[in-house]
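> My questions concern the predicted model and sequence given below.
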Amino acid sequence: MGKSTPSGQAGAETLPRRRRRAGRNEARAGVLFALPWMIGLAIFTAIPLVLTFYIAQARFQITGAPKWVGLQNYSAIWADPAVWTSAQNTLMFAMISVPIKLVLALCLALLLNRVTMLSGFYRTVFYLPFLMPAVAGSIVFILLLNPVAGPVNMMLQAMGLSPPDWLLDPKAALWTLILLSLWPLGVETLVFLGGLQNIPKDISEAADLDSPRGWHKLVWITIPLITPMILFNLVTGIIYSFQVFTQALVIGGTTGKPAEATLMYMVVLYRAAFRYFNMGHAAAMATVLFVVVLLLTLLIFRTARSWVYYEGESR
């Protein structure tokens, strides 16, 4: 006679199968919901990236078929003085604007974190400049810094100061571009504010009791606890600063006037692609920029192990 299996044991044996089936259904649903994003990533990011790597090693004038030239486009980049000038300006722009933006955004976040009344209003006010189109913001700055009728120069002259030629002096033009980049601080400020509001209250209160000096708490408690937000703003700030384009194009045009002081790397890339229709040269420049930004990002994440602290992490 065959052995009979109790009904309870049979039900217990089918329970893992039900769990596996539910897990597979959940995975299918997740893939289905993520499918539009995956398709968009493939069409608008992955495929153009691969094509850029290919065109960077070809002579391509849009109208004809690409012709393979190997590394000639990279050699042309090395010999192009405009590329070196723009790379120097872009590097200086990034080295100055990113640290200043981080410090200003942190200071604004500290102030907003102390505001109790109308806090939502102030957050909206500081975020609104980020929503303004870059072209409109650049035009507003050009009007404000007009050497004849600009309100900034008129105010400085009323104070007995000699205003610089913001947009005409090569020594001041790059600083004007940096000043323009510091205006929209909404995203960085809100990221810092979110980190400040997630600091446990017991740690904050213990720090207040231990040391009455506010800067001790800021240096030894607040800043270490928001280092993940500092890392995020630092990486995104470097990526965006190396890709500054719209403000530089509006202020300095494709020649980087005055005297190539505002000539940025992306402007030279744009000029090569859509003014001279040298897509191979532009693609090679884009590839170099991609590699440089990637290496800098990896370097930052590599060093982040020694200064970024996450909750629950033991060292």
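Happy to help now that I have it. Note that the structure is a prediction, hence the values are computed from the model and not measured.

> which stretches of the stretch 101-250 of the chain form strands?
Counting by DSSP state E, counting those that start in this stretch, one finds no strands in the stretch 101-250 of the chain.

> List the residue ranges of the stretch 201-315 of the chain that fall below the pLDDT cut-off.
Across the stretch 201-315 of the chain, the ranges flagged by pLDDT under 70 are 207-214, 311-315.

> Helices of that one, residue ranges please.
201-210, 214-217, 223-225, 227-242, 246-252, 265-274, 279-303 (DSSP state H, counting those that start in this stretch).

> Ok, the stretch 1-150 of the chain next?
7-41, 47-55, 72-79, 81-114, 119-131, 134-144.

> Show me what the fifth one is in contact with.
What it means is helix 119-131. By Cβ atoms under 8 Å, 6 or more residues apart in numbering, the list of residues contacting helix 119-131 from outside reads 108, 112, 115, 137, 183, 184, 185, 186, 187, 189, 190, 193. Any C-beta I mention is one placed from the backbone N, CA and C, and that applies to glycine too.

> That helix: which residues count as buried?
Judged by neighbour count using 16 or more other Cβ atoms under 10 Å, the buried positions of helix 119-131 are 123, 126.

> just use 549 as the starting number from now, easier for me
Let's use 549 as the start, then, which means that last one is helix 667-679.

> Let me know the angle separating it from helix 629-662.
Here helix 667-679 points in a direction 170 degrees away from that of helix 629-662 (axes from the mean of the first three to the mean of the last three Cα atoms, to 10 degrees).

> Export helix 667-679 to PDB, keeping only CA atoms.
In PDB, the C-alpha atoms belonging to helix 667-679 read as follows (Å, rounded to 0.1, in the frame of the first residue of the first chain):
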ATOM      1  CA  SER A 667       9.700  78.300   6.900                       C
ATOM      2  CA  GLY A 668       7.800  76.900   3.800                       C
ATOM      3  CA  PHE A 669       7.600  80.400   2.300                       C
ATOM      4  CA  TYR A 670      11.400  81.000   2.700                       C
ATOM      5  CA  ARG A 671      12.200  77.500   1.200                       C
ATOM      6  CA  THR A 672      10.100  78.300  -1.800                       C
ATOM      7  CA  VAL A 673      11.700  81.700  -2.200                       C
ATOM      8  CA  PHE A 674      15.200  80.200  -2.200                       C
ATOM      9  CA  TYR A 675      14.200  77.500  -4.600                       C
ATOM     10  CA  LEU A 676      12.400  79.800  -7.200                       C
ATOM     11  CA  PRO A 677      15.700  81.000  -8.900                       C
ATOM     12  CA  PHE A 678      16.500  77.400  -9.800                       C
ATOM     13  CA  LEU A 679      13.200  77.300 -11.800                       C
END
